[in-house]
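# fold the following, please.
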Amino acid sequence: MVIVGKHPEGITLNPMEYLLDNDGNPLEFASQDAAQTFLKAKGFTDDDLECLVFEKTPHYLKVGNYIPATDETEAIIEREFHGQGYIFKDEEAYDADLNTVCYVPELTDTAYTHQSFLDLMDGQESLARDLFDRVDWQHPEALLEEDYVNCEYADCPNCGRMFACYEKTECLWCHAPHTSVA
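Prediction:
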């Protein structure tokens, strides 16, 4: 996604002003080309476009809603359908904080945080992110168990570290020989 802005008077010390939608939020476009096509249809010239800044924005998946418990209330989980089930999933929460709830699977109120995924994946961020990205209805532990059965992950018998082992012949950490059998 791309948003469009400019520095007032062309002075880069001035804070950026953005093209806004009817609700006052930055207007998002699928690409810079889409933004330029839109602006040209509104009368902008090529010279006008040269003065604009086209910024890529993160586009986070958010399915459902989660309101944490307070001293007076229990947590509120609003699930929506995604992938294979009704879940709560929030990529921005995963990226923002280790301890904010970012996933609740279907049929349970078990809440998972970024730290939960790290704990499951031997503290390895790339593996934790992969697991988070792939859960779409089940508990992360269930998906991880499937991955072990399918020889996607293994624990090295030499150093004990978890690693993605599909089509690998050695541990990525200590280089001990490993044979994946699916």
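# only C-alpha atoms from now on, for both contacts and neighbour counts.
Noted.
# all strands for this protein, in order.
Using DSSP state E, the strands of the chain run over 2-6, 17-18, 28-29, 53-56, 62-63, 65-67, 76-78, 80-82, 85-90, 101-104, 112-113, 153-155, 162-164.
# out of those, deepest packed?
Of the strands of the chain, the one with the most neighbours on average (mean count of other Cα atoms under 10 Å) is strand 101-104, at a mean of 28.
# Thr113 versus Glu50, what's the distance?
Look at Glu50 and Thr113: by Cα to Cα, to the nearest Å, they are 43 Å apart.
# er, Ala30 I mean
Applying Cα to Cα, the value for Ala30 to Thr113 is 29 Å.
# as TSV, the strands of the chain with mean pLDDT and distance to Gly43 would be great.
Formatted as TSV, these follow (pLDDT from 0 to 100; distance: least, Cα to Cα, whole Å):
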stretch	mean pLDDT	distance to Gly43
strand 2-6	92	15
strand 17-18	92	17
strand 28-29	88	17
strand 53-56	91	17
strand 62-63	94	35
strand 65-67	96	40
strand 76-78	97	43
strand 80-82	95	40
strand 85-90	96	38
strand 101-104	98	43
strand 112-113	98	47
strand 153-155	91	55
strand 162-164	90	52
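# dump those strands to CSV, plus distance to Cys171.
Compiled in CSV, the strands of the chain are given as follows (distance: least, Cα to Cα, whole Å):
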stretch, distance to Cys171
strand 2-6, 40
strand 17-18, 49
strand 28-29, 43
strand 53-56, 37
strand 62-63, 35
strand 65-67, 39
strand 76-78, 40
strand 80-82, 34
strand 85-90, 32
strand 101-104, 30
strand 112-113, 28
strand 153-155, 9
strand 162-164, 7
